[in-house]
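> Next one to model:
(2 chains)
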2 protein chains.
Amino acid sequence: MTRTVIESKTKTVVIGFDEPFCVIGERINPSGRKKLNAELEAGDFTTVEKDAREQVACGAMVLDVNSGAVFRNKMADDARYADNNFVEPPLMRELVRRVQAVTDVPLCIDSSVTGAIEAALEVVEGRPLINSTTGEDEKMEAILPLCARYNLPVVAISNDESGISEDPDIRFEVARKIVERAADHGVPAHDIVVDPLVMPIGAMATAGQQVFTLVRRLRAELGVNTTCGASNISFGLPHRHGINAAFLPMAIGAGMTSAIMNPVRAVEMEAVRAANFLMNHDPNGSAWIGFSRVLDQVAEGTPFAEAAIAAGSARGGGRRGGRRRTG
Amino acid sequence: MTRTVIESKTKTVVIGFDEPFCVIGERINPSGRKKLNAELEAGDFTTVEKDAREQVACGAMVLDVNSGAVFRNKMADDARYADNNFVEPPLMRELVRRVQAVTDVPLCIDSSVTGAIEAALEVVEGRPLINSTTGEDEKMEAILPLCARYNLPVVAISNDESGISEDPDIRFEVARKIVERAADHGVPAHDIVVDPLVMPIGAMATAGQQVFTLVRRLRAELGVNTTCGASNISFGLPHRHGINAAFLPMAIGAGMTSAIMNPVRAVEMEAVRAANFLMNHDPNGSAWIGFSRVLDQVAEGTPFAEAAIAAGSARGGGRRGGRRRTG
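Purely as a prediction, here's the structure:
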């Protein structure tokens, strides 16, 4: 049975076919978040720390930490800041330190800059998930040896030098290529978490079915766990949270085992928790029943993150609110 | 490709693997509805007519009409009313007439009394779905010849003389037995809509997975359409609409093609419409986009049925609002 083990200093999370769906919080990412990007440029980590705490309270089991900031003001004074190989490594180091100081969940180290991933590894505690390699030769040769050397699991995105194929069979073959190359480097299939790439259904009518079919094949034929950027599916559509909230249970039913998503959205988290219950991954429905008390507060007008933080404190609070610990 | 064709006087609805999920409105059913039962006893069809109109406006493609009333006051005066064989046939006849007078969708004729189904057939227009036979010999010998004689499709509930098995393999074999017996009577598999029976996950942790597995098998091995009483899954649980709203997309993803459900619930209907879109059964997302305008009204405080009726009138109104017509 495929199990991808991710650890913080004190907590173990298993992504697996017989495990609750692994929600990887996506919020700590300056791309498209002007305010966060500006804060990071000013050395201000207030929003990062708030996002870390809120996401965990809302149900994130792992936090993605993305260092892809663009420091435009610094760039004007110092040309080195135009290079992400210069910007990201120290930023990633600091992001990891800050997030670890306020939460205790495992991390997903997310950067297109190999040096930023290496910088994270200097300070991260436990066994993080590396995000990501693609099927491009140069990328695989940069990331897979790193994963092998440190014995780390990795997200494998199913595009390569030819780009993102609209043909799901080609995306499957890219995933297979990464799994095989990883094996050559000594990284086993159970440490590869494949992202089959989710297209928007507004642009491609078959996008949903492609994902469901790919997830089933990846699981049956390659034996790998899967993840995705779940909200892509609804890009550009009205009431997109309603589409996300149907997509997640359908993907989970097809065998998807994790997603990089915004956990500070009650509708999507309700869908994930209900799907866990329906997959028999919530013994006695105890997680559902606990969550339903948070939903009661939301129905009365309390913002979801606030209600979730209050519920977490009532259970024993903040850093100790996890479902599974090893330390 | 399996297609179960149901018709009213003017409309055709196809339940099928490549069709939008068929929502069968469950509201016209006096069981557990004291007020409706009392109205029917008094010969008052106000609620029936309102429920018929509202369900269609909210998205029901077929209306279930159940005549299982208990007339306690009449019973006190006249012992014949203690017998449903006496009560239901004239009541069913009148229910069908009333519903046909205010809506134009096909009907699902729902009674445990064969005489009530025969009474419906005297007045129903088009090709209704018969609800139901079980795998009990006596029931099959009452219902299947009727379906053969009038060339009608039928709901097949997978229990028999031994009751409802908790073992899904036994429920599958009951379904197979009904399909085979139906064939002996000349009723083809594409006119059998199997209800694999949905247990509450609060009582049976594997209930969700049982349904998903059974639906896949029924489709692959028997080639039949499927239906269920969807809300059973969440019986007894808090925030049950959240569970229903995850169950429906998961069942649809597994291949379920219809459900008998309450369409006057925005959360469940949003889940069904999103799932249709994700299954590529909503060309260009036009149904989703239309529905999202109704959701806009609901977000502003308009009750769902009211917003749906207003949207239907804006599209051309009342009886003409259907998605597919033959007449």
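> how about the helices of the stretch 1-150 of chain A, start to end?
A:34-41, A:46-58, A:72-77, A:84-102, A:114-123, A:137-150 (DSSP state H, counting those that start in this stretch).
> Around chain B, pick out the residues from chain A.
Listed as neighbours of chain B in chain A under the rule CB under 8 Å from any CB of the partner chain: A:201-202, A:205-206, A:208-209, A:212, A:233, A:237-239, A:242-243, A:245-247, A:249-250, A:252-254, A:270-271, A:273-275, A:277-280, A:283-285, A:288-289, A:292, A:295. To be clear about C-beta, it is placed using only N, CA and C from the backbone, and glycine gets the same treatment.
> Report pLDDT for the closest residue to A:Ala259 other than its chain neighbours.
In this structure, A:Ala259 finds its nearest non-sequential neighbour in A:Ala230, 4.2 Å apart by CB to CB, 6 or more residues apart in numbering or on different chains. Confidence at A:Ala230, expressed as pLDDT, is 95.
> Quick check: the gap between A:Ala230 and chain B.
A:Ala230 is 12 Å from chain B, where distance means CB to the nearest CB, to the nearest Å.
> Contact partners for that residue?
A:Ala230 sits next to A:198, A:244, A:247-248, A:251, A:259-261, A:268 when contact means CB atoms under 8 Å, 6 or more residues apart in numbering or on different chains.
> Quick check: which of the helices of the stretch 1-150 of chain A is nearest to B:Arg97?
helix A:46-58 (52.6 Å; CB to CB).
> on that earlier part again, could you tell me which of the contacts of A:Ala230 are located in helices?
A:244, A:247-248, A:251, A:268 (DSSP state H).
> most surrounded residue in the contacts of A:Ala230?
A:Phe247 (33 neighbours; other CB atoms under 10 Å in any protein chain shown).
> For the closest residue in space to that residue that isn't next to it in sequence, the count of nearby residues, please.
Nearest non-adjacent residue to A:Phe247, counting by CB to CB, 6+ apart: A:Ile233, 4.7 Å away. The number of residues packed near A:Ile233 is 27, by other CB under 10 Å.
> who does the strand of greatest length in chain A touch, helix- and strand-wise?
Counting by DSSP state E, the longest strand found in chain A is strand A:22-28. If you count contacts as 3 or more CB pairs under 8 Å, 6 or more residues apart in numbering or on different chains; DSSP states H and E, strand A:22-28 packs onto helix A:46-58, strand A:62-66, strand A:258-261.
> how far does the last one sit from the chain's center?
The gap between where strand A:258-261 is centred and where its chain is centred comes out at 5 Å by CA atoms, centre = their mean, to the nearest Å.
> tell me the mean pLDDT over that strand?
pLDDT averaged over strand A:258-261 gives 98.
> Need the residues that contact it.
Contact with strand A:258-261 is made by A:15, A:21-26, A:62, A:64, A:108, A:131, A:193, A:225-231, A:244, A:248, A:251, A:268, as judged by CB under 8 Å, 6+ apart.
> now these: which count as buried?
Neighbour-count burial (16 or more other CB atoms under 10 Å in any protein chain shown) applied to the contacts of strand A:258-261 gives A:15, A:21-26, A:62, A:64, A:108, A:131, A:193, A:225-231, A:244, A:248, A:251, A:268.
> Look up how far A:Ser313 lies from the residue in chain A sticking out farthest from the centre.
Centroid-distance maximum for chain A: A:Asp77 at 34.2 Å, with CA atoms, centre = their mean. Separation of A:Asp77 from A:Ser313 (CB to CB, to the nearest Å): 44 Å.
> do the same with A:Leu152
According to CB to CB, A:Leu152 stands 33 Å off from A:Ser313.
> got it, and A:Pro153?
Taking CB to CB, one finds A:Pro153 at 32 Å from A:Ser313.
> Between those two, point out the one with more neighbours.
Taking neighbours as other CB under 10 Å, A:Pro153 and A:Ser313 compare with A:Pro153 leading, 23 against 13.
> Quick check: that one touching A:Thr4?
Yes - with contact defined as CB atoms under 8 Å, A:Pro153 counts as touching A:Thr4 (4.9 Å).
> Can you give me the neighbour number for A:Arg216?
Residues near A:Arg216, counting by other CB under 10 Å: 15.
> Next: the one 3 residues further on.
The local packing of A:Arg219 (other CB under 10 Å) involves 19 other residues.
> give the contact list for the closest residue to it other than its chain neighbours.
The spatial neighbour of A:Arg219 that comes closest, neighbours along the chain excluded (CB to CB, 6+ apart), is A:Gly255 at 4.5 Å. By CB under 8 Å, 6+ apart, A:Gly255 lies in contact with A:17, A:215-216, A:219, A:226.
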